[in-house]
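Trainee: how would this look folded up:
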Amino acid sequence: MFLYPNGECNNVNEYIVLGSALWHINAETSEWQDAILEKTVAQDSLMLRTHFSMISTGTERLVAKGEVPMSMQNIMGVPYMDGAFSLPIKFGYACGGQSDEGKVYHYMHPHQDVCILKKDALFELNNGLAPHKIPLVSNMETVLNAIWDSEYLETSSIAICGFGNVGSLLANTLRLYAEKEVDVLEKDTWRKDKAQSMGWNANAEEEKRYDIIFHTTGTSAGLQYCIDHLNEEGKVIELSWYGTKKVSLSLGEAFHYKRLSIKSSQVSKVSPIVSHKIDYTKRKEIAADLLLDSSYDELIANVVSKKEVPLLFKDLRNNSMPNGLIWLIKYN
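Mentor: Residues are numbered from 1 along each chain as shown. Model (predicted):
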């Protein structure tokens with residue numbers, strides 16, 4: 001698949017314009033441009049029409065502003081990405097769409113309404129999951145990995161620092177999958193009230209300490225707060241992605257004598273805690289089946305149309321987005 005910011009391709013006889021793709025042109029501008037696809041779909045590939053894609057706000061803010069560090073650009077590359085992190089770039093993560101035969105799939109692809117993908121890059125859903133929840137499978141895999149990485153015990157006291165996209169999915173999944181209730185540590189009034197309305201304690205006393213805290217805020221202050229509110233032998237499970245930002249921490253005082261730890265968790269590999277019995281496909285199946293629960297619908301408050309997306313990314317760059325937890329693009 002080829003798409004160029006200037007709309008040109010190597011051989012116009014082999015390609016056709018079908019739909020459009022979102023490009024970040026420079027650090028201030030995003031726009032939809034023609035998606036130029038191969039005329040003939042190979043036997044090992046499939047053409048899909050995207051119904052919804054999800055915006056991973058933390059990472060995509062860095063990408064849209066051209067702030068992905070050089071040292072991480074190879075690792076940050078995503079399937080079917082085009083352009084470069086220096087901008088312009090076509091970028092995005094998780095989509096849900098349908099083939100002409102009516103089958104529905106989850107797939108990793110930049111924001112684009114018509115896509116041609118290798119069949120081995122597709123995850124077919126047969127469990128009746130609603131189209132708007134299919135893109136959430138990717139972040140649910142992140143959430144599952146973090147839960148497994150934590151090696152929680154039935155007696156573990158747990159908190160989540162940051163009630164955004166990942167934090168809210170994590171809280172809900174700990175409740176459903178692990179049967180663990182958690183405290184939510186959140187400064188933002190709207191998010192705090194949202195967590196409280198869904199039954200989580202978001203008014204924990206300042207002196208309260210935890211065995212495990214999942215950190216999702218992407219800030220030094222948030223991570224420091226987690227460290228300072230752990231019990232002895234406690235651990236922070238770090239899910240934040242910082243890009244070029246430096247992280248400044250105070251690891252004096254109680255960090256060593258309380259034998260605290262910070263553990264990175266991310267999605268590219270199945271957690272080694274469960275990898276002997278769960279592979280990538282099984283992890284997706286677990287994620288998709290959990291999403292059948294109606295409680296996840298309450299986390300999706302923001303669905304935007306294609307025409308609204310460029311303005312949304314302008315707000316995302318400026319940290320001025322409206323209140324919301326999970327952001328989806330609706331294509332039709």
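Trainee: Going by C-alpha atoms from here, please, whenever you check contacts or count neighbours.
Mentor: Will do.
Trainee: pLDDT weak spots in the stretch 1-150 of the chain?
Mentor: For the stretch 1-150 of the chain, the stretches flagged by pLDDT under 70 are 1-13.
Trainee: ranges for the strands of it?
Mentor: With DSSP state E, counting those that start in this stretch as the criterion, the stretch 1-150 of the chain has strands at 15-24, 30-38, 45-55, 82-83, 89-90, 94-99, 104-108, 114-118, 122-124.
Trainee: Most tightly packed of those?
Mentor: strand 89-90 (a mean of 26; mean count of other Cα atoms under 10 Å).
Trainee: Show me the one of the strands of the stretch 1-150 of the chain that comes nearest Ser268.
Mentor: With Cα to Cα as the criterion, Ser268 lies closest to strand 104-108 of these, at 12.6 Å.
Trainee: Surely Ala221 forms part of a helix?
Mentor: Yes. Counting by DSSP: H, G, I helix; E, B strand; the rest coil, Ala221 is located in a helix.
Trainee: since we're on Asn231, how many residues are nearby?
Mentor: Other residues lying near Asn231 total 18 when counted by other Cα atoms under 10 Å.
Trainee: Next, give phi and psi for it.
Mentor: Phi and psi for Asn231, reported as degrees, to the nearest 10, are phi -70, psi 170.
Trainee: OK, contacts around it?
Mentor: 209-211, 258 (Cα atoms under 8 Å, 6 or more residues apart in numbering).
Trainee: Then Lys39?
Mentor: Going by Cα under 8 Å, 6+ apart, the list of residues near Lys39 reads 14-16.
Trainee: Look up how far Gly102 lies from the nearest residue to Asp34 once chain neighbours are set aside.
Mentor: Leaving aside its chain neighbours, Asp34 sits nearest to Ser20 (4.3 Å; criterion: Cα to Cα, 6 or more residues apart in numbering). Ser20 is 21 Å from Gly102, where distance means Cα to Cα, to the nearest Å.
Trainee: Which of the contacts of Asn231 fall in strands?
Mentor: 210-211 (DSSP state E).
Trainee: Return a PyMOL selection command for the buried portion of the contacts of Asn231.
Mentor: Command for PyMOL that selects the buried part of these, burial taken from 16 or more other Cα atoms under 10 Å:
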select buried, resi 209+210+211
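Trainee: So which of the contacts of Asn231 is the closest to Met108?
Mentor: Nearest to Met108 among the contacts of Asn231, with distances taken as Cα to Cα, is Asp211, at 34.4 Å.
Trainee: Count residues in the vicinity of the closest residue to that closest one other than its chain neighbours, would you?
Mentor: Nearest non-adjacent residue to Asp211, counting by Cα to Cα, 6+ apart: Gly234, 4.5 Å away. Applying other Cα under 10 Å, we find 24 other residues in the vicinity of Gly234.
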